[in-house]
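K.L.:
how does the following fold in three dimensions:
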Amino acid sequence: MATIVWLPVPTAMLGQMDTDPLQVVLYIGTLIATQITTLGARIYLLRHPDLTKTPPSRIRHGAAADIASILLSAVAMLLAISLGGVGYLALLLLWLTGPLSSLLDRLWTRIVPHRADQPPSIA
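P.N.:
Modelled structure (predicted):
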């Protein structure tokens with residue numbers, strides 16, 4: 001929640017100040033921090049399925065989307081810093097979140113064996 005409360009600060013800087021590399025790092029870094037905390041919550045739910053009624057496959061797909069967003073945001077930040085004229089346009093890379101998250105979810109499903117969307121039975 002702290003990252004959501006903080007987000008208006010870099011957003012206000014974006015609208016009121018000339019763009020500089022530190023401003024870009026602050027804004028995109030806040031987005032990345034928010035995505036990391038969301039990913040942490042999803043991983044926690046995957047490890048504790050008794051806390052939710054959401055099927056594990058849906059949580060896993062959300063986690064894949066978080067990972068895709070984190071990776072693409074990091075690339076956007078690097079592009080915005082290294083290619084000064086690009087600025088916030090580098091965030092257009094986030095349009096690739098859907099395809100990348102689908103790819104990551106398929107890879108995750110192949111690598112990590114999973115059971116059906118039922119919680120493990122007690123034997």
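K.L.:
so residue 49 sits right up against residue 55, yeah?
P.N.:
No - when contacts are counted by CB atoms under 8 Å, residue 49 is not listed as touching residue 55 (9.1 Å). Glycine gets a C-beta too; all of them are placed from N, C-alpha and C.
K.L.:
relative to residue 10, how far out is residue 30?
P.N.:
Applying CB to CB, to the nearest Å, the value for residue 30 to residue 10 is 5 Å.
K.L.:
higher neighbour count, these two?
P.N.:
Between residue 30 and residue 10, residue 30 has the larger neighbour count (other CB atoms under 10 Å), namely 20 against 17.
K.L.:
phi, psi of that one?
P.N.:
Torsion angles at residue 30 (phi, psi; degrees, to the nearest 10) stand at phi -70, psi -40.
K.L.:
quick one: contacts for it?
P.N.:
Contact partners of residue 30, counting by CB atoms under 8 Å, 6 or more residues apart in numbering, are 3, 6, 7, 10.
K.L.:
pull up the gap between residue 93 and residue 46, please.
P.N.:
Distance, residue 93 to residue 46, using CB to CB: 26 Å.
K.L.:
check residue 78 too.
P.N.:
Per CB to CB, residue 78 is found 29 Å from residue 46.
K.L.:
helices or strands next to the lowest-mean-pLDDT helix or strand in the chain in the packing?
P.N.:
None of the helices or strands of the chain scores lower by mean pLDDT, DSSP states H and E than helix 8-16, at a mean of 74. With contacts taken as 3 or more CB pairs under 8 Å, 6 or more residues apart in numbering; DSSP states H and E, helix 8-16 sits against helix 21-47.
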